[in-house]
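Asker: need coordinates for the following:
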Amino acid sequence: MLASCGGDGGGAETPTPGVTLIEKVSDTPVDGGMTNSVYQVQVTNGATAIASASARIANAASGVTVVDGIARAGTLAAMQTLRPSDAITPRHGHMLSTELARRARMEPTRTSRTVTSLGSKALASRMPLPSDRRCLQIEPTVRARAILDSLYPVVTALDAHLTSAITESDRAHLDRIFAKLESAAEVMAAGPDLPHANRRRRRTTGA
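Answerer: Have a look, this model is predicted:
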């Protein structure tokens, strides 16, 4: 796993800020035989102060997915060393189709169709779970990881550009709002009163 640090500011002669320490904080088993590993990073700045600095996962090995790949450090003074409270979290192992459906908030049938489509494009593989062959393990292919690697810097740059317009306090407040909305949506989805689309509606024809 490689990490880098960057932000706004600096010049051509300014030393590049970098990650000087990566320390594992915890391992947490999750559904589907996966493990979330939380790492705290330490970043050291160069000779010029920068704003909106962050450490991120630049590359992940086969079998590893990124749950949270950015540790935001905020503003760094010249030559400052900082250990952000934010952490990075890669997930190890294959993902069961049921876990994929849950995380994507998709119906199992729709998830299966999506994975089949990805498989036809050589972007995902499916393997039966050895202990229960009715369960399928889903894993992105090398081609899919290459596409992700090419898109990730673009997404990171867009994220950095958008979030540079707000403060750390604003970002934390926004995170809390989205967390509350997500929790409310999960409760609503689990309830009996949520309306469902009638997918069996017959087409009507004119006289």
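Asker: using the three-state scheme, assign Arg176.
Answerer: helix (DSSP: H, G, I helix; E, B strand; the rest coil).
Asker: relative to Glu186, how far out is it?
Answerer: Using Cβ to Cβ, to the nearest Å, Arg176 is found at 16 Å from Glu186. (Each C-beta comes from the backbone N, C-alpha and C, glycine too.)
Asker: and Pro130, by the same measure?
Answerer: Pro130 is 31 Å from Glu186, by Cβ to Cβ.
Asker: settle it for me: which of those two has more neighbours?
Answerer: Glu186 (11 against 8; other Cβ atoms under 10 Å).
Asker: so which helix or strand takes in the more buried one?
Answerer: helix 168-190 (DSSP states H and E).
Asker: how about Ser125?
Answerer: Secondary structure (DSSP H and E) places Ser125 in strand 124-129.
Asker: residues near Arg171, how many?
Answerer: Count around Arg171 with other Cβ under 10 Å applied: 13.
Asker: now Met79
Answerer: Met79: 13 neighbours (other Cβ under 10 Å).
Asker: returning to that earlier point: and the helix holding Glu186, what does it pack onto?
Answerer: strand 70-76 (3 or more Cβ pairs under 8 Å, 6 or more residues apart in numbering; DSSP states H and E).
Asker: paired strands for the strand it packs on, with orientation please.
Answerer: strand 50-59 (antiparallel) (DSSP bridges).
Asker: pLDDT of the strand it pairs with, averaged?
Answerer: Averaged across strand 50-59, the pLDDT comes to 80.
Asker: skip ahead from that strand and say which helix or strand is next.
Answerer: By DSSP H and E, the next helix or strand past strand 50-59 is strand 64-68.
Asker: in the sheet, which strands lie alongside that following strand, parallel or antiparallel?
Answerer: strand 89-92 (antiparallel).
Asker: any idea how far the strand it pairs with is from the middle of the chain?
Answerer: A distance of 9 Å separates the centroid of the chain from that of strand 89-92, by Cα atoms, centre = their mean, to the nearest Å.
Asker: which helices and strands does the helix or strand following it pack with?
Answerer: Counting by DSSP H and E, the element after strand 89-92 in chain order, helix or strand, is strand 95-96. In terms of contacts (3+ Cβ pairs under 8 Å, 6+ apart), strand 95-96 is packed against strand 132-140.
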